[in-house]
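J.: How does the following fold in three dimensions:
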Amino acid sequence: MKTGLTDPDTGVVLDNKTAFVGVPTTSAADARARASLPRYARLPINRCSLPAVLLGSLSYQKRPVALALDGVLELHKALFMELDALADPAARARLFQDHMAAAFSLDHPEEAGFSDTNAQDRTKASYLRLVRGWAFHSDGLEGAVLKGWVESRFGLLPRHHGGPIRDLSGETYRAYLEQRTRGLYGTNALEAQLDLLYTYCQYELGRQHLGWTHIRLYRGVNRVGDHEVLYEPEKGRRVVLLNSLSSFTTDRERAGEFGDFILEAEVPLAKVCFFHRLLPGRFKGEDEYVVIGGVYEVGYATT
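T.: So this is what the prediction gives:
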């Protein structure tokens, strides 16, 4: 028998296997409202094993379960069987990159239909280029593609891209859509590359941190109020709605270099879509983690 709460918008039952409401409330309706991802921050459908209303909720942060993108493991089953046989993470990273290059013809773009007569040369647009672009400027073209991928796969709408997004008919959201479209145009299954990157990231986190459900991460901000604060359960802690994709770090001192306040979050491993140590030697800033958003309870303190 299910003993949990039911989301007021969707009727989805938040049972004791997938959700835990850890917030003091005065009524069941208040508990549902505070645990759920707001309607304006999500899509009704996605391509993931849980709907956005659940995976984006505070309840999910408290008691997460594994997430899977539709069809990725089935399509790349041979890769993960080969990875299972390798004990060295560096060897697994090399195998993954070789598989990506072969599966998406990254080193031989002509095999994917590119030619010298193409009006635009997008042969260098790849998962590696996207991650590097994100690290350089998360509100740029690459950031729009990554946030668009989160929107498509997980059903979480962006809340910021070059400015706050509060109106889906507004100029800021239209500019984001334009960048997302330009970033994807003429590329070679770029979102499918990100699907496999996320799935490999989850595989590696499971092997490197066996039994873990969360990782403690930090984010520096100039003003706590710049984030969408939903409420304050106690002094020094706030429940916030994070952007669909955000950068965090494992290094608290490093986070302090980016703002006067530090947010501290227990991030579900299932919401880590990439971390720089995943592919050794490919990126600078090896303590950076790219985290899928939603509702989070965070601690905050001055640097």
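J.: Torsion angles phi and psi at the residue nearest to residue 205 when sequence neighbours are not counted?
T.: Spatially, and ignoring its direct neighbours in sequence, residue 205 is nearest to residue 269 (4.9 Å; CB to CB, 6 or more residues apart in numbering). C-betas here are computed from N, CA, C, even on glycine. Dihedral pair for residue 269: phi -60, psi -30, per degrees, to the nearest 10.
J.: how many neighbours does residue 269 have?
T.: Close neighbours of residue 269, defined as other CB atoms under 10 Å, add up to 18.
J.: residues in contact with it?
T.: Residue 269 makes contact with 64, 202, 205-206, 209, 212-215, according to CB atoms under 8 Å, 6 or more residues apart in numbering.
J.: Report the separation between it and residue 234.
T.: 26 Å (CB to CB, to the nearest Å).
J.: which residue sits closest to residue 101, ignoring its sequence neighbours?
T.: In space, residue 101 is closest to residue 107, 5.1 Å off (CB to CB, 6+ apart).
J.: One more: residue 193?
T.: Closest residue to residue 193 apart from its sequence neighbours, by CB to CB, 6+ apart: residue 127 at 4.2 Å.
J.: who's in contact with that neighbour?
T.: Residue 127 neighbours (CB under 8 Å, 6+ apart): 100, 190, 193-194, 196-197.
J.: Now which of those would you call buried?
T.: Burial by neighbour count, 16 or more other CB atoms under 10 Å: within the contacts of residue 127 this picks out 100, 190, 193-194, 196-197.
J.: Filter these down to just the ones in strands.
T.: Assignment to strands by DSSP state E places none of the buried ones among the contacts of residue 127 there.
J.: Let's have the residues you listed in CSV, adding pLDDT.
T.: Formatted as CSV, these follow (pLDDT from 0 to 100):
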residue, pLDDT
100, 96
190, 95
193, 97
194, 98
196, 98
197, 98
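J.: measure residue 182 to residue 167 for me?
T.: If you measure residue 182 against residue 167 using CB to CB, the figure is 21 Å.
J.: Run through the strands of the stretch 201-303 of the chain in chain order.
T.: For the stretch 201-303 of the chain, the strands defined by DSSP state E, counting those that start in this stretch occupy 214-221, 228-234, 237-249, 261-268, 272-275, 288-302.
J.: shaky segments in the chain?
T.: 1-35, 109-123, 225, 285-286 (pLDDT under 70).
J.: Let me see the domain layout of it.
T.: 5-62, 72-208, 214-302 (automatic domain parsing).
J.: Let me know the helix or strand that the residue nearest to residue 141 when sequence neighbours are not counted is in.
T.: With CB to CB, 6+ apart as the criterion, residue 141 has its nearest non-adjacent residue at 4.7 Å, and that residue is residue 183. Following DSSP states H and E, one finds residue 183 within helix 171-184.
J.: Return the list of helices and strands in contact with that helix.
T.: helix 141-154, helix 190-208 (3 or more CB pairs under 8 Å, 6 or more residues apart in numbering; DSSP states H and E).
J.: how about a cut-off of 6 Å?
T.: Helices and strands touching helix 171-184, by 3 or more CB pairs under 6 Å, 6 or more residues apart in numbering; DSSP states H and E, are helix 141-154.
J.: May I have the helix it packs on exported as PDB, CA atoms only?
T.: Extracted C-alpha coordinates of helix 141-154, given in PDB (Å, rounded to 0.1, in the frame of the first residue of the first chain):
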ATOM      1  CA  LEU A 141      25.700  29.100 -27.100                       C
ATOM      2  CA  GLU A 142      27.000  25.900 -25.600                       C
ATOM      3  CA  GLY A 143      25.200  26.700 -22.400                       C
ATOM      4  CA  ALA A 144      21.900  27.100 -24.300                       C
ATOM      5  CA  VAL A 145      22.400  23.700 -25.900                       C
ATOM      6  CA  LEU A 146      23.100  22.000 -22.500                       C
ATOM      7  CA  LYS A 147      20.200  23.700 -20.900                       C
ATOM      8  CA  GLY A 148      18.000  22.700 -23.800                       C
ATOM      9  CA  TRP A 149      19.200  19.100 -23.400                       C
ATOM     10  CA  VAL A 150      18.100  19.200 -19.800                       C
ATOM     11  CA  GLU A 151      14.800  20.600 -20.800                       C
ATOM     12  CA  SER A 152      14.200  17.900 -23.400                       C
ATOM     13  CA  ARG A 153      15.500  14.900 -21.400                       C
ATOM     14  CA  PHE A 154      14.500  15.800 -17.800                       C
END
